[in-house]
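Asks: Okay, sequence plus prediction incoming.
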Amino acid sequence: MQVVFVHGALVRDGQWWWEPTASLLRERAGVESRSVALPSCGETTPEEARGGLAADAAALRRVLDDVDSAIVVGHSYGGTVIAEAGSHPAVAHLLYVSSYLPDVCASQGAIMSTEVDPVTVADTGDGMIGVSGYDAASFGDRFLHDADETIQREAWDRVTAQVVGAFTTPTTAAGWQGVDSTYIVCADDRSTSPTLQRSHAQRATRSVELPTGHHPFISRPDLVVEQVEALLRQSRRRGRVGS
């Protein structure tokens, strides 16, 4: 069994974001983690990047093709990537963190349009958009207020522009349907409103609320690992053991 992490929008370097939890999970459960490089965030090639959401979903499917069994973690926009990736035989469980379980024909932009205080973005040219009006301090206050300043600065260094198609392309699949899933509601989130989170959490098999901001796998990896360990125990009881 492995854990596959799909990071959120407008950032890069998923392994850095997930590493506090990956390290603790490795130590406590002997489970390895992998992150998905999202083309739309410029993590692969310019040619792939133009594929937007579809390219991100294809990247996830390629990672899953290399594992026998996986818990797939979708953070924020990562949940939309999971939806578009559709069903895959390697998926043992889906774990959503302040994320989305969109219907077919929903776009990330349409989902976010329901937020009362959406994150401000602007056109950066060449079909890309990026966060607008933030610096390291204000970004940290909104997205990582429960992490220390050093982590906030390192996170700001990983903010990036993203292809607009990641936000405007409607999904063609709903990969969360028919799969056992858990939703972590981040009750102190200043980015994705807890109200919107809870509406999507109703679509998951089960949900749990944690007293954290938008990135609990950084600020409280112990709480996230507890949830993953519970899923591992559940999987073992069902006989889903793999690499």
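Replies: All right, it came through fine.
Asks: where do the helices sit along the chain?
Replies: Along the chain, counting by DSSP state H, helices occupy 14-29, 46-49, 52-65, 78-85, 108-112, 136-143, 149-156, 165-168, 194-201, 216-219, 221-237.
Asks: Mind putting the ones you listed into JSON lines with mean pLDDT and distance to Gly175?
Replies: C-beta coordinates here come from the backbone N, C-alpha and C atoms, glycine included. Below are the helices of the chain laid out as JSON lines (pLDDT from 0 to 100; distance: least, C-beta to C-beta, whole Å):
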{"stretch": "helix 14-29", "mean pLDDT": "98", "distance to Gly175": "18"}
{"stretch": "helix 46-49", "mean pLDDT": "94", "distance to Gly175": "20"}
{"stretch": "helix 52-65", "mean pLDDT": "98", "distance to Gly175": "8"}
{"stretch": "helix 78-85", "mean pLDDT": "98", "distance to Gly175": "5"}
{"stretch": "helix 108-112", "mean pLDDT": "95", "distance to Gly175": "15"}
{"stretch": "helix 136-143", "mean pLDDT": "98", "distance to Gly175": "25"}
{"stretch": "helix 149-156", "mean pLDDT": "98", "distance to Gly175": "27"}
{"stretch": "helix 165-168", "mean pLDDT": "97", "distance to Gly175": "16"}
{"stretch": "helix 194-201", "mean pLDDT": "98", "distance to Gly175": "14"}
{"stretch": "helix 216-219", "mean pLDDT": "98", "distance to Gly175": "21"}
{"stretch": "helix 221-237", "mean pLDDT": "93", "distance to Gly175": "17"}
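Asks: For Val121, which of the ones you listed is the nearest?
Replies: Of all these, it is helix 165-168 that lies closest to Val121, at 8.3 Å by C-beta to C-beta.
Asks: who's in contact with Gly52?
Replies: Gly52 is in contact with Ser40, Val163, Val164, Gly165, Ala166, Thr168, Thr169, counting by C-beta atoms under 8 Å, 6 or more residues apart in numbering.
Asks: and the third one, how many neighbours does it have?
Replies: Neighbour count for Val164, taken as other C-beta atoms under 10 Å: 18.
Asks: re the thing from before, need the max-distance pair from the contacts of Gly52.
Replies: The widest separation within the contacts of Gly52 (C-beta to C-beta) is 11.2 Å, between Ser40 and Thr168.
Asks: Looking at the two, which is more packed in?
Replies: Shown here are Ser40 and Thr168; by other C-beta under 10 Å, Ser40 has more neighbours (30 against 14).
Asks: which residue is nearest the centroid of this protein?
Replies: A centroid search over the chain (C-alpha atoms, centre = their mean) returns His75, at 1.9 Å, as the residue closest to the centre.
Asks: I'd assumed Val4 was in contact with it.
Replies: No. Contact between His75 and Val4 fails when scored by C-beta atoms under 8 Å: they sit 11.7 Å apart.
Asks: got a list of what the closest residue to Leu95 other than its chain neighbours touches?
Replies: Distances taken as C-beta to C-beta, 6 or more residues apart in numbering place Val73 nearest to Leu95, at 4.6 Å, with adjacent residues excluded. Residues near Val73 by C-beta under 8 Å, 6+ apart: Val3, Val4, Phe5, Val6, Trp18, Leu95, Tyr96, Val97, Phe217.
Asks: May I see the contacts of Gly52 organised as TSV, with distance to Gly213 added?
Replies: Output for these, formatted as TSV (distance: C-beta to C-beta, whole Å):
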residue	distance to Gly213
Ser40	24
Val163	26
Val164	26
Gly165	28
Ala166	23
Thr168	27
Thr169	28
